[in-house]
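Participant: sequence below, structure please.
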Amino acid sequence: MMTKVAPAVVVLGQNSVAVARKIISVLPGATLYGLAGRTSEVDVSFSSFGETVRELFAQGTPLIGICAAGILIRTLAPMISDKRQEPPVVAVAEDGSAVVPLLGGLSGVNDLARRIAEVFEVKAAITTTGDIRFRTALLSPPAGYYLANPDDAKTFISDLLAGAQVKLEGIAPWLTNSQLPIDPNGNLTIKISDRLLQPTPNCLIYHPATIAIAISEISGTEDEVLASIQQVLTEAKLAPASIAGVFAPLAIAANPVIHAVASALEVPARFFTSNHLDSLLSQGYSPSQAVAIAATGKDAEVIKTEKGIAIAISPEPINPNNIGQSRGRLAVIGTGPGSQEWMSPEVKEILKSATDLVGYTTYLNLVGSLGEGKQRHDSDNREEIPRAEMALDLAAQGRYVAVVSSGDPGIYAMATAIFEVLDCQNKPEWDSVEIHVAPGISAMQAAAAAIGAPLGHDFCTISLSDILKPWSIIEQRIAAAAEADFAIAFYNPVSKERTWQLTEARNILLRYRTPDTPVVLGRNLGRTGQAVKVITLEELAPTVADMRTMILIGSSKTKKIQRPDGNVSVYTPRRYS
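Facilitator: Numbering: from 1, shown residues only. Got it, this is the predicted structure:
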């Protein structure tokens, strides 16, 4: 039984980062923790190994330490008390030559260790007697099976090791293909059933994931829908642990009740497009029956239909991840100006979980190692609308799409393009997509921080690009901002085709500001070749900037001060005298 919580991979030196990345490649959502000062390009930096490992262990996070087993044992020894509650803990040699499961036998540590060992083409050092002798793990069954009475398993396995034989009732290939002493007359019993059964000490009960909950319409609250499902399960004497998933038409995927019900049942929610269901509906099945059969197949038993809900039982376990599609997710993220150190933890988590990355090639390259293993969809910088359409189409197919912007995605960037397309184009399939905007450090914030605090009082931002709005509007806004004495952040100041606009902007500003007004030029912020300098408004010209330059124009109160170390700082006072 693999844990549902994404693991933490902990490394102490840079030599272990490459090994850690290999492990993470087969553990979606895993987080790489690295010791500060000794590692780089990790997801989370820590200063205290002991505190970090103990905190993760206490939270129930599976731990994979690329270090000596003894370090993990000594660190966690004071916390080891209840093996039924402890998460998996695995030690991996720095070169991947050894994979040793240490703790979490009831939480799938041996399965986790085997999965890691496969990456390095080695054999996991499993020492569990039952696993070795019987070539199966009764305490941690594979995906698709749930052990109903783990408290009886220890004595049960001890009896098997002492020579007892077991009879198997039901179908489970992972057991029939093992080396268990199976005998029709055995005094121990293993039952595989999706029915509610009373467990006994000499009988292990495994519930296979054979039940599909089909919902074709929502006719009540989360509690009401759950009560209806529970009533049907009780009447049919079905085990809730055998529920494989909640299934519904894609058209209602945005309804929060469906996801709340799936969460309460601790199963995934999966969805079918109309193409999946039309043929079944044309055969006379009700909408809920059509969803149930699409999830389980025509050989399934549909036992109940009411209030838009049907429950179907498959003759064998079903893997919901291979049925229908998940609800699509689209996250519009800001990487910050460029350095990974300036990415928010939220953005890093999205990048780890996303299946697809969409964006301008330069910005996708800024993601670095966080983009490994993702499907990239590169495009030119000016293709915002086609890029937004493609991202929504991908998400509507059930994928997790991250649209990558530099800086903050909501400031002259892709968040606006996504909502423009959503608002102007009527595509019903997009209605199912969950959309989230994750903010980033904006270019103006980065430029201001690099020189001091030029935006320390009222300010505004103006894009000098006249591609999407006429220059007449830009002129009005520059004049209004200058007359109101705002500090101004200029985005998109100069391109190969646009050079005169910056000169015109300077001329407008000189009507209201003195020629010696401080102007900050920030280029390649957070990237290789970063340069920040201060000039005067009079010196501002197209030759001093390009599209990678952020320009901050001071207000009448903005000051430049010379620091003793030779550096210059610029700030705008908080108080007006």
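
Participant: okay, and for this protein, where does confidence drop off?
Facilitator: Counting by pLDDT under 70, the chain shows low-confidence ranges at 1-4, 129-134.

Participant: now the residue nearest in space to the middle of it: how far from Gly297?
Facilitator: Centroid-nearest residue in the chain, with Cα atoms, centre = their mean: Ser353, separated by 3.0 Å. Per Cβ to Cβ, to the nearest Å, Ser353 is found 30 Å from Gly297. Using the backbone N, CA and C atoms, a C-beta is placed for each residue, glycine as well.

Participant: nearest spatial neighbour of the residue nearest to the centre of the chain, chain-adjacent residues omitted?
Facilitator: Spatial nearest neighbour of Ser353, excluding adjacent residues (Cβ to Cβ, 6 or more residues apart in numbering): Gly29 at 5.6 Å.

Participant: surely the one you found touches Ala6?
Facilitator: Yes. The pair Gly29 / Ala6 is scored as a contact, 3.5 Å apart, by Cβ atoms under 8 Å.

Participant: who has more neighbours, those two?
Facilitator: More crowded of Gly29 and Ala6, by other Cβ atoms under 10 Å: Ala6, with 16 against 11.

Participant: list phi and psi for that one.
Facilitator: phi -70, psi 140 (degrees, to the nearest 10).

Participant: can you map out the helices along the stretch 201-350 of the chain?
Facilitator: For the stretch 201-350 of the chain, the helices defined by DSSP state H, counting those that start in this stretch occupy 222-236, 256-265, 274-282, 287-296, 345-353.

Participant: okay, the ones you listed, which one's buried deepest?
Facilitator: The densest packing among those, expressed as mean neighbour count by mean count of other Cβ atoms under 10 Å, is seen in helix 287-296 with a mean of 25.

Participant: now the angle from it to helix 274-282?
Facilitator: Interaxial angle of helix 287-296 relative to helix 274-282 (axes from the mean of the first three to the mean of the last three Cα atoms, to 10 degrees): 120 degrees.

Participant: mind exporting the C-alpha coordinates of helix 287-296 to PDB?
Facilitator: Output of helix 287-296 as PDB, limited to C-alpha atoms (Å, rounded to 0.1, in the frame of the first residue of the first chain):
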ATOM      1  CA  PRO A 287     -27.100   9.400 -17.600                       C
ATOM      2  CA  SER A 288     -25.900   8.000 -14.300                       C
ATOM      3  CA  GLN A 289     -26.000   4.400 -15.700                       C
ATOM      4  CA  ALA A 290     -24.000   5.500 -18.700                       C
ATOM      5  CA  VAL A 291     -21.400   7.000 -16.500                       C
ATOM      6  CA  ALA A 292     -21.300   3.900 -14.300                       C
ATOM      7  CA  ILE A 293     -20.800   1.600 -17.200                       C
ATOM      8  CA  ALA A 294     -18.200   3.900 -18.800                       C
ATOM      9  CA  ALA A 295     -16.200   3.600 -15.600                       C
ATOM     10  CA  THR A 296     -16.500  -0.200 -15.000                       C
END
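
Participant: which strands or helices does that helix pack on?
Facilitator: Here helix 287-296 touches strand 211-215, strand 243-249, strand 269-272, helix 274-282, strand 301-306, strand 309-313, going by 3 or more Cβ pairs under 8 Å, 6 or more residues apart in numbering; DSSP states H and E.

Participant: neighbouring contacts of the fourth one?
Facilitator: Here helix 274-282 makes contact (Cβ atoms under 8 Å, 6 or more residues apart in numbering) with Pro249, Leu250, Ala251, Pro287, Gln289, Ala290, Val291, Ile293, Ala294, Gly324.

Participant: change it to 7 Å
Facilitator: For helix 274-282, the external contacting residues (Cβ atoms under 7 Å, 6 or more residues apart in numbering) are Pro249, Pro287, Ala290, Val291, Ile293, Ala294, Gly324.

Participant: as JSON lines, the helices of the stretch 201-350 of the chain with distance to Ala20 would be great.
Facilitator: Conversion of the helices of the stretch 201-350 of the chain to JSON lines gives the following (distance: least, Cβ to Cβ, whole Å):
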{"stretch": "helix 222-236", "distance to Ala20": "39"}
{"stretch": "helix 256-265", "distance to Ala20": "30"}
{"stretch": "helix 274-282", "distance to Ala20": "39"}
{"stretch": "helix 287-296", "distance to Ala20": "37"}
{"stretch": "helix 345-353", "distance to Ala20": "13"}
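
Participant: returning to what we had before: can you pick out the most distant pair from the contacts of helix 274-282?
Facilitator: Spanning the widest gap among the contacts of helix 274-282 are Pro287 and Gly324, at 14.5 Å by Cβ to Cβ.

Participant: just the helices and strands packed on helix 287-296: most buried one?
Facilitator: Comparing the helices and strands packed on helix 287-296 by mean neighbour count (mean count of other Cβ under 10 Å), strand 211-215 ranks first with a mean of 28.

Participant: now, which of the contacts of helix 274-282 sits nearest Ala117?
Facilitator: Closest approach to Ala117 among these (Cβ to Cβ): Gly324, at 32.5 Å.

Participant: all helices for the stretch 1-150 of the chain, in order.
Facilitator: Ranges of helices in the stretch 1-150 of the chain, per DSSP H, counting those that start in this stretch, are 17-24, 49-58, 69-76, 109-119, 129-134.

Participant: tell me what angle the third one forms with helix 49-58.
Facilitator: Pointing back at helix 69-76 there. 70 degrees.

Participant: just how off-centre is helix 69-76 within its chain?
Facilitator: Its chain's average C-alpha position is 30 Å from that of helix 69-76, according to Cα atoms, centre = their mean, to the nearest Å.
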